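>>> next comes the sequence, and after it the predicted model I'd like to discuss.
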Amino acid sequence: MKITMIGTGYVGSVTGACLADLGHEVVCLDIDKEKIEKFSKGEMPLYEPGLSDLVKRNVRECRLSFTTDKKAAISGADVVFIAVGTPSTKDGSVDLKYVDSAAEDIGKFMNNYLVIVDKSTVPVGTADRVKDIILKSQKTKIPFDLVSNPEFLREGQAIKDFMAPDRIVIGVDDGAKARQIMHDIYKGIERTGKPVLFTDVKSAEMIKYASNAMLATRISFMNEIARICERAGADVKIVAQGIGLDSRIGSRFLQAGIGYGGSCFPKDVKGLIHTGEEYGVDFKLLKAVEEVNEEQKRYIIPKIVKELGDLKGKRIAIWGLAFKAKTDDVREASSLVIISELQKLGAVIKAFDPEAMHVTKNILKNVEYAKNAYEAAEGCDALVVVTEWDEFRGIDLARVKKLLKKPVIFDGRNIYDPKEMRDMGFTYQSIGRQ
C-alpha cells in the first residue's frame, strides 16, 4: 500500500514509521522544512522512545521517506492520512485550520481514487467538513472515500500502543472498497489478535473524544478524593488500589497528583464541552473535570508557602518539566503553572528534566537549568517533584538530602513512601497521603 501521512508531529511520525514497519510504502509530508530535513537525516525533532531506530531502519530499507512536496506526496498515494494538529482556540473550540488546509491540498493534487483517513482528533462531523472542502478544491471530480481512524497513542509508549493496541477503530460510511483497504492496512496487527472495530464515521469520531474525556474524568475524580483523604487521614494510594480491584472499574488512571496535561486531555475535554454546546448539551460533568484539573495544578502551592513561609528569594528545585515521563512535551504541563506561581511569589527556580529542557528554555523566563537532578537540588530550600521520571524514583535520596539547604520535598506525583522519607529525616508532603 502506498500511504501518505500529512503531518509529522507525535501522531504522524509514529504512525508513519509503524505503518512502514508493517511493510507499507509511506511518505511523510509536512510544511516544516527543518523538521523534514531532520527526519530525513535520521535526527528526531521530538522525543519518543524507540522512534529513532524505527525511522532509521525503515528509511534505510526504502519504505519510509519525508518530503515537503505536496503534489508528489499526494498524487502518488493510495491512502492519505490527515495527522495534523488540532489545537484549542480561546473559547475551547477545536481549531481545524490545519485539517482544512490538508483537505484542500488533497483535493487539489489527487489524481486517482483515494481513501482519505482522518487520524487527527477532530469533533464529530469533521469528516463531512473535509469531504466538502475536497469536493470544492478538486479540479476534476475524482472519487474518494472518507474514513475516521482515531489514534490512541500515549506519548512515551506510542510505538507499543500502535503495534499492540487495545483496539483499532475504523469509521466507514460508504463503500466496501474503503473498508477492505483499511482492513489490509492493519491486517498485520489484526493477525496478532487485536480487535478491529468498524463503525460509522461519526461514531468513530465520537469514540476518541469520549475515551479521553472518560480518562480525564477519572484523574480529576481521584484528585478530589485525594483532597478528602488528606483532611480525613486516609491514604489515596491505598484507596486507589482498593477501587482498582473492582473489575467494573480497573486500576488504570486512578493516580492522584498535580493534574493532567499534554496535547490530548485538556484539548479534548474543552473540545467535547464545546461540541456539546453546539448540539445544545450543557456538559456539566466535563466542565467540573476541567475546573478540578486547573485547581489541582496549583494545589501544591499553599503547601509550599505554609512550610517555607515568605518565598521571596527562596530557591526551589523543580524535578520534571514534561507533562508526563518519557516525553519532551510540555503542552499544558503542570510544571508551567507551578513555576509561574512560585515566581510570582518571589521564588528562584532551579529546574531539571531529562528531555524537556530544550523546549521550556523557549517558554519559561528566569529559570536556572541544571545538568542533572542532583545539581538541581544543590543549595535549594525545597524540592518539588513534578514529573514521574523513573530516574527520580531510583535516585540516591541520602545524597539529595545532603545537597538540599533544607531537607524538604513536595512530591506532586506520589513516587516516594511517606514513612521512609520521614525516617530518612525529610520534611515530606505528597498528594492525598499523610
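Received, thanks.

>>> do I have it right that A347 meets R315?
Yes - counting by Cβ atoms under 8 Å, A347 touches R315, with 7.4 Å between them. Any C-beta I mention is one placed from the backbone N, CA and C, and that applies to glycine too.

>>> out of these two, which sits in the busier spot?
Applying other Cβ atoms under 10 Å to A347 and R315 shows that A347 carries more neighbours, namely 24 against 19.

>>> ok, that one - contacts?
Counting by Cβ atoms under 8 Å, 6 or more residues apart in numbering, A347 touches L311, K312, G313, K314, R315, I316.

>>> now a ChimeraX select for only the buried ones of those residues.
Selection command for ChimeraX covering only the buried members of the contacts of A347, criterion 16 or more other Cβ atoms under 10 Å:
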select :311,314,315,316
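
>>> what is the nearest of the contacts of A347 to A102?
I316 (43.3 Å; Cβ to Cβ).

>>> what strands line up against the helix or strand that contains the closest one, and which way round?
Here I316 sits within strand 315-319, counting by DSSP states H and E. Sheet pairing for strand 315-319, assigned by DSSP bridges, gives strand 348-352 (parallel), strand 382-385 (parallel).

>>> and the residue lying closest to I133 once chain neighbours are set aside, what pLDDT?
Leaving aside its chain neighbours, I133 sits nearest to A103 (4.0 Å; criterion: Cβ to Cβ, 6 or more residues apart in numbering). In this model, A103 is scored at 98, pLDDT.

>>> now name the helix or strand holding A103.
Here A103 sits within helix 97-109, counting by DSSP H and E.

>>> after that helix, which helix or strand is next?
strand 114-118.

>>> give me the mean pLDDT for that following strand.
For strand 114-118, the mean pLDDT works out to 97.

>>> which strands and helices sit next to that strand?
Here strand 114-118 touches strand 79-82, helix 97-109, helix 126-137, strand 144-148, helix 176-190, going by 3 or more Cβ pairs under 8 Å, 6 or more residues apart in numbering; DSSP states H and E.

>>> could you rerun that using 7 Å?
Applying 3 or more Cβ pairs under 7 Å, 6 or more residues apart in numbering; DSSP states H and E, we find strand 114-118 packed against strand 79-82, helix 126-137, strand 144-148, helix 176-190.

>>> out of these, deepest packed?
Ranked by mean neighbour count, these are led by strand 79-82 with a mean of 27 (mean count of other Cβ atoms under 10 Å).

>>> paired strands for that strand, with orientation please.
Looking at strand 79-82 with DSSP bridges, its partner strands are strand 2-6 (parallel), strand 114-118 (parallel).

>>> reformat the ones you listed as JSON lines; add mean neighbour count and distance to I74.
JSON lines is the format used below for the strands paired with strand 79-82 (neighbours: other Cβ atoms under 10 Å; distance: least, Cβ to Cβ, whole Å):
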{"stretch": "strand 2-6", "mean neighbour count": "25", "distance to I74": "6"}
{"stretch": "strand 114-118", "mean neighbour count": "26", "distance to I74": "8"}
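
>>> could I get these in a markdown table, plus columns for distance to D381?
Shown next, in a markdown table, are the strands paired with strand 79-82 (distance: least, Cβ to Cβ, whole Å):
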| stretch | distance to D381 |
| --- | --- |
| strand 2-6 | 48 |
| strand 114-118 | 50 |
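
>>> how's the protein carved up into domains?
The chain resolves into domains spanning 2-199, 208-295, 298-429 when parsed by automatic domain parsing.

>>> and the second one, end to end?
In other words, domain 208-295. 25 Å (Cα to Cα, to the nearest Å).
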